[in-house]
Each structure stands twice: as structure tokens, then as C-alpha cells.
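1. Following is a predicted model, sequence given first.
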Amino acid sequence: MASSSHSNPPCAGCKFLRRKCLPNCIFAPYFPPEEPQKFANVHKIFGASNVSKLLNEVMPHQREDAVNSLAYEAEARMKDPVYGCVGAISVLQRQVVRLQRELDATNADLIRFACNEMPPATTSDQFGSTRSSGHGQGAVDQNSGFYFPYNNDHFGDGHEGGEGSM
Amino acid sequence: MTLKGGTSQACAACKYQRRKCHAECPLAPYFPPDQPKMFANAHKLFGVRNILNILKNLDSDQKTEAMRSIIYQADIRDRYPVHGCWGIICQLRYRIWQAEEELHAVHAQLEMYRHHYQQQQQVTSMTDDVPSQLELGIGMAPPNNNSLSLFNHTPQQHQHQPSYNNAPAAALPYTNNSNSGTYMDSKDNVAHSMWIQHQYATATNNINSNSSIPIQPHQFVASQSLALQQQQEVVHDYDEIHPFFDTIDDRQSYIDSKEAYDSSSEESLKDTTQSTEHVAENELKSAAACFSLTSVN
């Protein structure tokens, strides 16, 4: 019988699942035994078998990135079971829209200055509701007021398309 | 699989699992039968059991929201198997950083224009004041010391070079190479997270109609270090306008204004010499008047 003293300690995945950590364990390189919570989160949200299938579908050099992104999403879903990491996407997308509007207004002021026109006192509200391009996929849910980063009509609700109002 | 004697179809979840779709099927409201791919993605990432676990402790409104986010997350993972939603977050953070840098640069440029404009206004107002004071004979200082002080003004305008922050990230060319980057912790600065797959970058165009920006790590680092350097060393050479401001040809306008300023300053000096002559003449006249009065008394 092989001595277990020479074998590597089991990875966090195999430790959690209480199984033997084989040398070709797919989890071993990415779930070190020092980070048990990482695997616990991923397993709770996605399941070990799903993670294993996902890792087998990507190239070996991309697996670390894949595991870390899954770990991030799992942790986000643990903290926020309703929106998970999609909540962060929504917040960031609103920020992008807001910044783009501000940039459009400020650029317009700059052009006016370049043409030697009188400067306005304030710049941010001069342009009113300047719609920026390229962000038309978000929508505000009528019921919850949550700005979804996409327009999802899957459930047949009559959500508005286009940009959501913040 | 259809229900016995029923007209309604089984939901996509039950269809996929090849089982009977009961009236109380918890997933039926969220997975219509005509969109099998949606459930397939969700099932691949989460699995039915895990989805039901997530929905277990939520009320009905929250369930709807949760399912939407689950479906979205699964869809993103289907498109971007390696980075998923984390890749979207990185891209958004980068866009925010880029927009903020651009905004700082534009604000700096705007401030420079405002300052320039204000100084022009001051120069204009000062040159307007000179003839009025001469006409009224007001504010005549003793000729020896301060007659010229009224007309002294230090032309500082030409010394004030415009300074602006560049937005190198906006100007550097980006190449479309496939690469894999390193995973960054969510708390890390976006400036260091730059791994974007080739297929991720091109596919992102489908999600966001804004063009995605695939970048190579070393280019981004170089651009960032360049940005930091340029922030520390304020550019004072007005001719080296950053390509970002190519659309605004302010070199010519600056040269025109500078020429205008120079000519106006020359004119003001001429006015100064002329006014001093006038002052001397008036002084003599007033002195003569005093003498005549004195002699009468």
C-alpha cells in the first residue's frame, strides 16, 4: 500500500467532499487546502460536478481564471442571493452611463470655448438628458426599480427597453 | 413532453429533464418552453437543485429577480466560459476609469480656457479704463513716482501655458490578440486587471454596442505609467497637443489670441507714453493757474 506520507495533502475540494485526492485531481491546482471557504462557496452555488465539467471544457492555462471568476461569483451570490454579481454589474453600468453624460456635456463646453464663446456657469446640467450611445440594453424593472443591465423579456413582463432612468 | 390531455406545454426545465411538468412546477414561470437554451445554460452553471436552493428562502418578488439574475449570469457564462460576469465587471471598471481620466483631462482643458478668457477680460477692462481716467483727470498721482503705476500691468498671460492631463488610454492603439491574464482580487485596482480574451472582447460587442477594448497587459501598464509620468510632469508645451484633442485645433486660436495680446500690449504702451505727455501738460497748466491765483492775492 502506498504510503500517504509522501502524497500531497488533499486539496480543499477533496477534503470537503471527503474523497481521495488523486494526482490528476482537477480541483487540486486551484483549490489549495489553505482556502477551504473558496471551494465551499463554489460548491454551494454551482456544485462540484458542474465546476468540474466547466473546467474540463476550458484550456488548462485558462482554468485558473475560470476558477477565480467562479469563486468571485459564488461569493457574490452568497452575499446577495437575489442579484449576486449582477448587482455589481448594474451599479457599474449606471456609473458608466452617468460618466458618459457628464463627458458629453463637458466636451460640448470645451468645444464652445474653443470657438471663443461665453462660458456657461455650470456644465453638467446644460445638456439636459443627453443619451449616450451604446448603453441601450439596460432597463429598469417596473416592480423593483432595479436597473438590470439587460432587457429581459423572458418572463413576459412589459419591461421598457432602452436605457433605464436612474 | 406534454401534459395528459392538457394543451399547455411542459416548461423548458421539465422538457430538458424529460419529466412531467406539474402545475406547481417551481421553475415553469421562469423557463418558457420556447427557450430551451436559457434553461440549458442555467442548468449547466447552477443545476436545478442549486437554483431551487437559491429560491428557497425568497419571497415571490425576490424569486423573479433572482431568476432573472441567474439566467443572466448563466447566459454570460455561456458566452464567456472563462471569465463570465467577472470579465464584464472588469471591463466596466476599466471603462469607468477611462471615462474619469477623460473627464479630468477635459476639465483641465476647460479650466485653462476659462483662465485664459478671464485674463483676456481683465486686459480688456484695464485698457478701457485708461482713456476714461485721462478725460476726467481723476486719480492723477504725483508725476514723479506713480504716474506710470496706473498703467503698469504685468502680462502674465503668455506665461500661463495650458496644462492638461492626457488620456493615453484613449489614444494608444490596441491590438486584438488572444491572451490570458491573471486573476485579480475584486478589491484590486482596475488598473491592474486587464485580462480579456479575444473571443470575450469580440463577443462583448454583441452585448454592449460600445466597442470593447481588448488590450495587452504590457501596453496597458506602459500607458498607465506614461499617464502617471505625465500627471507629475505637467505638459507646458502647447504645440504638443495630445491626439485626444485633435478635433479641437486650439493651436491656431491660441496663436491668434497671443498675437492679439501682443498687439494690444504694444498699443497700451503707446497709450502710456501719450498719456504721460498729457499728464505733464495738464500739470503745467494747473501749476500756472495756481501761480496766477496766487499773484492776484
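-> Thanks, I have it.
2. What is the longest helix of chain A by residue count?
-> Criterion DSSP state H: the longest helix present in chain A is helix A:86-114.
3. at contact distance from chain B, anything in it?
-> Yes. Helix A:86-114 reaches chain B (CB under 8 Å from any CB of the partner chain) through A:86-89, A:92-93, A:95-96, A:99-100, A:102-103, A:106-107, A:109-111, A:113-114. Where you see a C-beta, it was placed from the backbone N, CA and C, and this is true even at glycine.
4. Name the nearest residue to residue A:52, ignoring sequence neighbours.
-> Distance criterion CB to CB, 6 or more residues apart in numbering or on different chains; nearest residue to residue A:52, sequence neighbours excluded, is residue A:26 at 5.5 Å.
5. What's the separation between residue B:60 and chain A?
-> Distance of residue B:60 to chain A, computed by CB to the nearest CB, to the nearest Å: 11 Å.
6. Pass me the low-pLDDT residue ranges in the chain, would you?
-> All of this refers to chain A. Residue ranges of chain A with pLDDT under 70: A:1-7, A:116-166.
7. I was thinking of chain B, sorry if that wasn't clear
-> For chain B, the ranges with pLDDT under 70 are B:1-8, B:128-297.
8. Please repeat the previous calculation with a cut-off of 50.
-> Scanning chain B for pLDDT under 50 picks out B:1-5, B:141, B:143, B:145-280, B:291, B:293-297.
9. Tell me where the longest helix sits in it.
-> Every helix in chain B considered (DSSP H), the longest is helix B:84-136.
10. Show me what that helix is packed up against.
-> Using 3 or more CB pairs under 8 Å, 6 or more residues apart in numbering or on different chains; DSSP states H and E, the elements in contact with helix B:84-136 are helix A:63-79, helix A:86-114, helix B:60-79, helix B:168-171, helix B:198-207, helix B:250-296.
11. ok, now with 7 Å
-> helix A:63-79, helix A:86-114, helix B:60-79, helix B:168-171, helix B:250-296 (3 or more CB pairs under 7 Å, 6 or more residues apart in numbering or on different chains; DSSP states H and E).
12. For the nearest residue to residue B:57 once chain neighbours are set aside, give me its contacts.
-> Distance criterion CB to CB, 6+ apart; nearest residue to residue B:57, sequence neighbours excluded, is residue A:81 at 7.3 Å. Taking CB atoms under 7 Å, 6 or more residues apart in numbering or on different chains, we find residue A:81 in contact with B:54, B:58, B:66.
13. so is residue A:81 in a helix, a strand, or just coil?
-> coil (DSSP: H, G, I helix; E, B strand; the rest coil).
14. State the phi and psi torsions of it.
-> Here is the backbone geometry of residue A:81 (degrees, to the nearest 10): phi -60, psi -20.
15. So it versus residue B:58, what's the distance?
-> Per CB to CB, to the nearest Å, residue A:81 is found 7 Å from residue B:58.
16. same deal with residue B:96?
-> Separation of residue B:96 from residue B:58 (CB to CB): 30 Å.
17. what do you get for residue B:102?
-> For residue B:102 relative to residue B:58 (CB to CB), the value is 40 Å.
18. And for residue A:112?
-> Distance of residue A:112 to residue B:58, computed by CB to CB: 51 Å.
19. again with residue B:92
-> The spacing between residue B:92 and residue B:58, counted by CB to CB, is 26 Å.
20. More neighbours: those two, which one.
-> When residue B:92 and residue B:58 are compared for neighbours, residue B:92 comes out ahead with 22 against 15, by other CB atoms under 10 Å in any protein chain shown.
21. my read: that one touches residue A:92, true?
-> Yes. At 3.8 Å, residue B:92 and residue A:92 qualify as touching, with contact defined as CB atoms under 7 Å.
22. Number of residues surrounding residue B:116?
-> Neighbour count of residue B:116, defined by other CB under 10 Å: 19.
23. Can you name the residues that contact it?
-> By CB under 7 Å, 6+ apart, residue B:116 has no neighbours at all.
24. gap between it and residue B:110?
-> For residue B:116, the distance to residue B:110 - CB to CB - is 11 Å.
25. just residue B:92 next, same as before
-> On the measure of CB to CB, residue B:92 and residue B:110 end up 26 Å apart.
26. repeat for residue B:99
-> 16 Å.
27. How about stretch B:109-127, which residues are buried there?
-> Buried residues in stretch B:109-127, counted by 16 or more other CB atoms under 10 Å in any protein chain shown: B:109-110, B:112-113, B:116-117, B:119-120, B:123, B:127.
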